[in-house]
Every structure is written in C-alpha cells, then in structure tokens.
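starting from these lines, generate the structure:
(chains A and B, ligands or ions: 1)
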Amino acid sequence: MDKKVYERPVIIKQYSGLMNKFGGTTDQTPIKDIDGVSVKQLVEDFGSPLFVMSEDKIRANQRKMLRIFKTRYPKVQFAWSYKTNYLDSVCSVFHQEGSWAEVVSEFEYDKARKLGVPGEKIIFNGPEKSSSALIKAIKENAKIHIDHFDELYQIIEITESLNLKANVAIRVNMDVGIYPKWDRFGFNYENGEAEAALRRIVVNDKLNLIGLHTHIGTYIMSAEPYRLAAVKIVELFNKLIDEYDITLEYIDMGGGLPSNNTLKGQYLEADQILPSYEQFADAVTSPLFDTKLSGDKMPLLILESGRALIDDAGYLISEVIGNKRLADGRRAVILNAGVNLLFTSFWFKHKIVPAQDTGGFTENSSVYGPLCMNIDCLREEIVLPALKRKDHVVILNTGAYSVTQWMQFITMRPKVVMIMQDKTVELIRDSENLEYITSPEKLPEKLKEFSL
Amino acid sequence: MRKYKISSNLAISENGFLFYPLTGESFTVNQMGVQILNLLKKEEKPEQIISAIIDEYDTDHATAERDLGEFLTQLKNYKLVNEL
Ligand SMILES: Cc1ncc(COP(=O)(O)O)c(C=O)c1O
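Numbers count the residues shown, from 1 in each chain, chains lettered A, B, ... in the order given. Just a heads-up that it's a prediction; the model follows:
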C-alpha cells in the first residue's frame, strides 16, 4: 500500500485583532511544468538552480505589445533593449519578431552586430560611448542617440576628422511629474538645453538629425507621465519643422512599461494596481497625432520596452537546501539560488511557488539564498507551504535584468535553457566552471609555490 | 528525545484549531500536527510517535525525528507542553 504524503507538523499562533497571513491570497497551486515541460525533468537534465526562458511567451508578449500599439498608431517599431536580457537566443527571438536592437555600450553594440543586426537598425543609447565605438557606429549608419554636450562635440570631431556623416538623435529628459526624475540622461527640455543641442546639430552638415528620444524611467506605474512626455517631444518635433524646416524620421519613446512583478514597498499585487498596456499605449500615441504631419509622413514611433516583454517569460528553478526556525519563531527556507542570481529581488517581491504538491497548510516564511551574507534574502516575508530539503520552487517573473545583472559571487552562475515552441529544451548558456572563472587571472611566478 | 506532557485542558479541534483556556490563546495546526498532539495526549513517547509517522507516511526516520523535535520545541515555547 502506498504511504501518505508526508508534511512536517506546523503550529501557528493566532493573534486576535490582527489578520494572520494564513492561507491568504497566495496561490498555493504548485507549478509542476513550464510550457508543458516538467520541472522535475528540467532539473534532472540540467540541474538547479536553472534559468528557464520560454520562446513561446517571448513571441506572444512581443506580438501582443506590437498589436496594442499598432492598433493605435500606424507606424511602430520595437527595438529590443539588450541590457534587459542580452542572451544571444533571447535577442534572436526578438529579432525574428522584427525588433531592432537598442544598445548602451560597445559590448552590446558588438553583440548585436555579431548576431547580424545591420548598423542602421541599432539604436545606440547611453552616457558612455567610446571613440572606437562611435567610429564603428557612424560608419555602419547606426542611430546614435546623443546624451550630453561633450558627446556631441566628440561626434562632431570624429565626423570632421574622418569625413563621415552621422545619423543622430538626442535624448531628451523632462519633468513628467514622477520621482525619481531621470534628468541625468540626455538634454533637459524645460531649461532649453534640448533646443540648444538641436540648434547646434542642425547647423552641422556632418550630422544628420533623424529623431528625438526620451526614456522617462523604468517600471513606470501610471500612464500620464508618458502622455506628458509625448506632448513635450511633439512640441520639439513641430518646432524643428517650423523653425528649421527639418522633418524627423522618428520619435523614440523609450521603455519603462512595468512587468507583472510587485515592488517591495507595494502592498497590493502589481496586476491589481498597474494600468493596462492599452492605457499606456493610449497615453504614448494620442499626442503623436498632433505632429504637423499626417498620413504616410507621420513619424515612426520607436519603443524600447524591456522588462514588459521578457519578465514573465523567465523562470528560475531552485532547490530547497534546508529549513530553519529563526530566533523570533519565523520559518526560514534556504534555497540554492540567492541575490547573486536574482539581483532584482532587491527591489521586487518575486513570486516563489513550490514545484511539487504540498500540504495545504501555509506559514509565513523568509526565503534566503546560499550565500554566506546577511543581505542574501530573496523574500523577507512570503506565505509558503511546508517545504522540505530537495523540494523545488519556481521563482516567477525573472526574465528581465536577471541574467544580465547576476553576479559571479561565491558560487557560479548556472545554466540557462530555453523551452522552444515545439517543447524541446535547448541549453542556451552553459554553467560556469572554475576554468571559465580563472582563465582571465594571471598568477605571478613567485606566488605559485607555497608549503603549508 | 525527551518526553513531553501535553497541557491537560488544551482543546484540539478536528480541523486543527487549538484553544488554550488558561491564557486564552489560539493556534492553528496542520493535520500532521493534530495527529502528533493526539498521540501526545495518549502519552506516547517521541520514539513511538516517530514510528507511527513513518509507518503511515512516506518519510524517513531522520526527517520525522528532526521535524518532531522542532515541533515539540515550538509547543514548549508556547507553553502547551511540559518537558518531563
Ligand atoms: C534608454 C533605455 N531604453 C530602454 C530601457 C528598457 O527599460 P524597461 O525595461 O523599463 O522597459 C532602458 C532601461 O532602463 C533604457 O535605459
């Protein structure tokens, strides 16, 4: 006869007057498979921790977002924000879906080129562009978004000394009523800096001014700032027509749309408080109909959405190393994945869901990673059923800024797989090993020997 | 493992609700916890409780022993049992 499923005994004190976080709203349904592939099998084949990306979800997200914007504005182009997740396979899925590349460093630029993205379909953003990167980008007709005056002069110098012509836009920052204000990037709108930069550019015949760019921040929680930003960008756009007879090709409204992750300070779950993408799209697109152009002449709308397109296409599978009872009685669960792999857990309350059946009894728990560091806490408080050593959990919404911001610290970075649309599983990044990590190191001859 | 005696007037409901009239405190316990409390009421020793658990459930001695130990410590901290 089969024995019953064991669940460790749990007792929780009830506090009258206070609501116990007991049962509560946490979804206790285990996640036993991802896109039809069993978590157990994934762990057997690839080990844990394991990052899992879903090809299907990435494509679906991109198609849905494109549809949302295209049903509101006729000319829309997405550019994949490389820093959000620049694994070759992930970028390639986006490029197959028609997205250009949005890069912020020479490394990212080279990565996009190596994948086969033509220079003119690369948007080169960011405050640091080396001369070598700029020369390459100018020669390859990339769209260079100028961040500050020194960079503008650097570009002028290059174009003059090498007799090249550069395709440029400026990044504009502005007050759209949100905090923090991202005014350290680009030229300010309100104080006239943006117009001054544009004036400087339009008189230079080596600079081909093709667009205006803004990116108001990341994980923006309301739609109105986008509308305000678009209104101001359209004002600049129209001024260029009126005063200089210059018609730009595009308006790039950046990224910043939120994903379904919940911020640490937020009480309600993200999906209960965030506007829909349709509402964001309304805010972005409606002011664009006020440019002095119509029909075919209307500017292309470029979007650099990152987290909104990838976060829920990424999963992190982790294994329970052990359980502990903390001094104050709280339960602590220790996982083999910590803040080293999930940098984003400093800001977000990632959902952590068991990967196997558990008893229905839940308890308020803290979830820690494997590092020997106090900061290694994935969730200070989460309602979880009793988990035992070697159980697995699936950490949700980990597709954005995880495999780019992860750290090689104390442990090594694990494998990343992609579940393909045909349900096959491809290894898209191998785990690191000692050799990989030590290969750039040089050990001086005289340090090579010791006797202990 | 030491032997424990459960406080005599602790009320345990079928569905895991505990009420301790002496202090007016209440607790919730999962099914395994209820089973253990009922065995404690019958004055079973920890070793007997562990055997009962591994007979009936899919677990090993080490796990059952560790979890029982931790559970008993909690019960003791809540003053629901006394060490004998
Ligand atoms: C210039 C630029 N574009 C796009 C993005 C992508 O942002 P998000 O992931 O918030 O959509 C970023 C990230 O902050 C950025 O700096």
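
quick check: residues of chain B near chain A?
Proximity of chain B to chain A, by CB under 8 Å from any CB of the partner chain, involves residues B:16, B:18, B:25-33, B:35-36, B:53, B:56-59, B:63-64, B:67-68, B:70-71, B:73-75, B:77-78. Glycine gets a C-beta too; all of them are placed from N, C-alpha and C.

which of those residues are buried?
With burial judged by 16 or more other CB atoms under 10 Å in any protein chain shown, the buried subset of the residues of chain B next to chain A is B:16, B:18, B:25, B:27-33, B:35-36, B:53, B:57, B:59, B:63-64, B:67-68, B:70-71, B:74-75, B:78.

what about the residues of chain B next to chain A, which are in helices?
B:31-33, B:35-36, B:53, B:56, B:63-64, B:67-68, B:70-71, B:73-75, B:77 (DSSP state H).

list the contacts of the closest residue to the ligand within the stretch 51-200 of chain A.
Proximity of the stretch 51-200 of chain A to the ligand (CB to the nearest ligand atom) peaks at residue A:81, 3.8 Å away. Contacts for residue A:81 (CB atoms under 8 Å, 6 or more residues apart in numbering or on different chains) come out as A:102, A:255, A:304, A:305, A:306.

among the residues you listed, which one has the most neighbours?
Compared across the contacts of residue A:81, residue A:102 has the highest neighbour count, 31 neighbours, by other CB atoms under 10 Å in any protein chain shown.

isn't residue A:286 right next to residue A:228, touching?
No: using CB atoms under 8 Å, residue A:286 is not in contact with residue A:228, being 11.7 Å away.

which bits of chain A sit near the ligand?
A:81, A:84, A:102, A:125, A:215, A:218, A:254-257, A:304-308, A:400 (CB under 6 Å from any ligand atom).

quick check: the two most widely separated of the contacts of residue A:81?
A:102 and A:305 (9.4 Å; CB to CB).

the helices in chain A, which residues?
Counting by DSSP H, chain A has helices at residues A:39-46, A:55-70, A:88-96, A:106-115, A:131-139, A:149-162, A:193-202, A:224-244, A:270-273, A:277-285, A:307-310, A:434-438.

could those helices go into a markdown table alongside mean pLDDT and mean neighbour count?
Shown next, in a markdown table, are those (pLDDT from 0 to 100; neighbours: other CB atoms under 10 Å in any protein chain shown):
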| stretch | mean pLDDT | mean neighbour count |
| --- | --- | --- |
| helix A:39-46 | 98 | 16 |
| helix A:55-70 | 97 | 18 |
| helix A:88-96 | 98 | 19 |
| helix A:106-115 | 98 | 18 |
| helix A:131-139 | 97 | 17 |
| helix A:149-162 | 97 | 15 |
| helix A:193-202 | 96 | 18 |
| helix A:224-244 | 96 | 18 |
| helix A:270-273 | 82 | 14 |
| helix A:277-285 | 97 | 20 |
| helix A:307-310 | 98 | 27 |
| helix A:434-438 | 95 | 10 |
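
list the residues that contact both of residue A:102 and residue A:305?
Joint contacts of residue A:102 and residue A:305 (CB under 8 Å, 6+ apart) are A:81, A:255.

and residue A:431, what's its pLDDT?
Confidence at residue A:431, expressed as pLDDT, is 97.

tell me the contacts of it?
Here residue A:431 is in contact with A:47, A:412, A:413, A:414, A:415 (criterion: CB under 8 Å, 6+ apart).

residues touching the closest residue in space to the second one that isn't next to it in sequence, list them.
So the one you mean is residue A:412. Nearest non-adjacent residue to residue A:412, counting by CB to CB, 6 or more residues apart in numbering or on different chains: residue A:432, 4.1 Å away. Residue A:432 is in contact with A:408, A:412, A:413, counting by CB under 8 Å, 6+ apart.
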